[in-house]
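Visitor: Below is the structure, and that's it, no one-letter string:
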Ligand SMILES: NC(=O)C1=CN([C@@H]2O[C@H](COP(=O)(O)OP(=O)(O)OC[C@H]3O[C@@H](n4cnc5c(N)ncnc54)[C@H](O)[C@@H]3O)[C@@H](O)[C@H]2O)[C@@H](O)CC1
């Protein structure tokens, strides 16, 4: 797990005030971090085009030009000149070592975007937009300095933003790089130390980035005398769209629940043989999941009695967010509760609980902030806000999972996720751990799928659950 920050200003200040470092020193490390990435990828003589802006992001780029000059065929483009004091100083140094200025943007094996970073404060002009488009159209490897040009401090992209293969970010990881929309632009992300170890640079944070190594597969069955009752009993409500409930139930069984029952309204056509059926929650159930394909089958009274009045850990998903009777659960703060809305469902939930209308676009642009606000209002509830980079919120802390792939963009992935979470709740995991591990398992299962990304089925995910490891 790594820490994420809204910005690095306070930590930069600490470097100056407490550690006696200078801006110059920090910048040298920033540029050296980029140079290292380039040296690892390109032989001497390769052409490197660096587009540098007027501020300190540009100054990082100009410093990089100096570091590479002599070994590479460097071209430095300064479309807006050098304006900050550091940019001017770095340009003077770059000139002295003979860095050539590019008249126009020209083809290169490596293209570095150092136009704007953390300081982007207004929309890109037409001239810069056209420049970024030209850079995007070039064929070479694309490296963004700190933050791709065009992403604002939240990570919201301008209509045109630099599309990087690699973003080398300075000092610490920023939330903006992990907004869903930013995933189109950032490419791989590497963080560079700025003259002190990251441990000394970083301050406390309440936001974390999940990594592959955080995944712990469900407990192995290492007690030979154990029986099915030792691994919990997941009860999954299976409603109108019965496929959703069957997927969730199958995922729960595959992810280790000792018993899984589909709670149904009437007979199912052909449930998998390993799932049991019941019209009520079995008395020995240890966790519930409800909402996936639920529709209108179940009477309100039954839901109240079997789900709301129960104290069992519960996952609420999909249609559950359209049922006020089920949403009472969000106020049951002594219960293990995981809610897994996608942005449109979160909008509906927000309106109901917070009495405020939000569009899906507003939610997507402010995912971190809204997840924080939700958690401040309902601290005990575990929120898993779905998206390209799902955010899990609990007690004011956020956990971001960047590991999922676009292969998951298919109906049924969310049903599998609910199944994973309820399987872990049934086995006794706390809600936060169940949400984190379920989310990681889903992402790792998708990454281990070898077919074309458009072809993955939810059942492919379920198949892979038995062989997941964090080394994948
Ligand atoms: N301690 C530090 O401050 C460090 C800063 N570093 C670099 O400095 C960057 C931040 O530098 P700055 O704060 O100077 O910010 P930027 O260089 O990102 O941009 C600020 C400059 O661009 C102008 N500007 C903003 N939006 C514009 C727009 N749409 N069109 C035209 N001009 C626009 C501003 O007026 C200002 O002159 C970081 O992203 C990072 O690359 C690194 O060198 C590490 C240390």
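Guide: Happy to help now that I have it. On a predicted model such as this, the values are computed, not experimentally measured, just so you know.
Visitor: which residues does residue 412 contact?
Guide: Counting by C-beta atoms under 8 Å, 6 or more residues apart in numbering, residue 412 makes contact with 243-244, 247, 457-458. Backbone N, C-alpha and C define where each C-beta goes, glycine included.
Visitor: try residue 303
Guide: Residues counted as contacts of residue 303 (C-beta under 8 Å, 6+ apart) are 290, 323, 325-326.
Visitor: same thing but 7 Å
Guide: 323, 325-326 (C-beta atoms under 7 Å, 6 or more residues apart in numbering).
Visitor: Ok, residue 176 next?
Guide: Neighbours of residue 176 in contact, by C-beta under 7 Å, 6+ apart: 147, 151, 153-155, 182.
Visitor: could you redo the last one with a cut-off of 10 Å?
Guide: 4-7, 118, 147-148, 151-156, 169, 182, 186, 368 (C-beta atoms under 10 Å, 6 or more residues apart in numbering).
Visitor: Now the phi/psi pair for it, please.
Guide: Per-residue torsions, residue 176: phi -50, psi -30 (degrees, to the nearest 10).
Visitor: same thing with the one 4 residues further on?
Guide: The phi/psi pair for residue 180 (degrees, to the nearest 10) reads phi -50, psi -50.
Visitor: For it, give its distance to residue 373.
Guide: Using C-beta to C-beta, to the nearest Å, residue 180 is found at 18 Å from residue 373.
Visitor: So if I had to pick from the two, which one is more boxed in?
Guide: residue 180 (19 against 15; other C-beta atoms under 10 Å).
Visitor: pretty sure that one is in contact with residue 401, am I right?
Guide: No: applying C-beta atoms under 10 Å as the test, residue 180 and residue 401 come out as separate, 11.5 Å apart.
Visitor: list residues touching both of the two?
Guide: Going by C-beta under 10 Å, 6+ apart, residues that sit against residue 180 and also against residue 401 are 387-391.
Visitor: Make TSV from those and add pLDDT, neighbour count and distance to residue 348 to it.
Guide: Converted to TSV, the shared contacts of residue 180 and residue 401 look like this (pLDDT from 0 to 100; neighbours: other C-beta atoms under 10 Å; distance: C-beta to C-beta, whole Å):
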residue	pLDDT	neighbour count	distance to residue 348
387	96	20	16
388	96	19	20
389	97	23	21
390	98	29	18
391	98	26	17
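Visitor: closest to residue 66 among those residues?
Guide: residue 389 (35.2 Å; C-beta to C-beta).
Visitor: give the contact list for that closest one.
Guide: Each residue near residue 389 by C-beta under 10 Å, 6+ apart is listed here: 155, 177-183, 209-210, 367, 400-404, 443.
Visitor: rerun at 7 Å
Guide: Contacts of residue 389 by C-beta under 7 Å, 6+ apart are 178, 180, 183, 400-402.
Visitor: Can you tell me the SS state at it?
Guide: coil (DSSP: H, G, I helix; E, B strand; the rest coil).
Visitor: Tell me the residue in this protein that is farthest from the middle.
Guide: No residue in the chain sits farther from the centre than residue 96, which is 43.1 Å out by C-alpha atoms, centre = their mean.
Visitor: Tell me the confidence at the spatially closest residue to residue 58 that is not a sequence neighbour?
Guide: Distance criterion C-beta to C-beta, 6 or more residues apart in numbering; nearest residue to residue 58, sequence neighbours excluded, is residue 52 at 3.8 Å. Residue 52 is assigned 97 on the pLDDT scale.
Visitor: Residue 289 contacts residue 416, doesn't it?
Guide: No: here residue 289 lies out of contact with residue 416, judged by C-beta atoms under 7 Å, at a distance of 11.3 Å.
Visitor: what does the domain assignment say about the protein?
Guide: 2-203, 213-467 (automatic domain parsing).
Visitor: so how far is the ligand from residue 187?
Guide: Separation of residue 187 from the ligand (C-beta to the nearest ligand atom, to the nearest Å): 16 Å.
Visitor: All set now, cheers.
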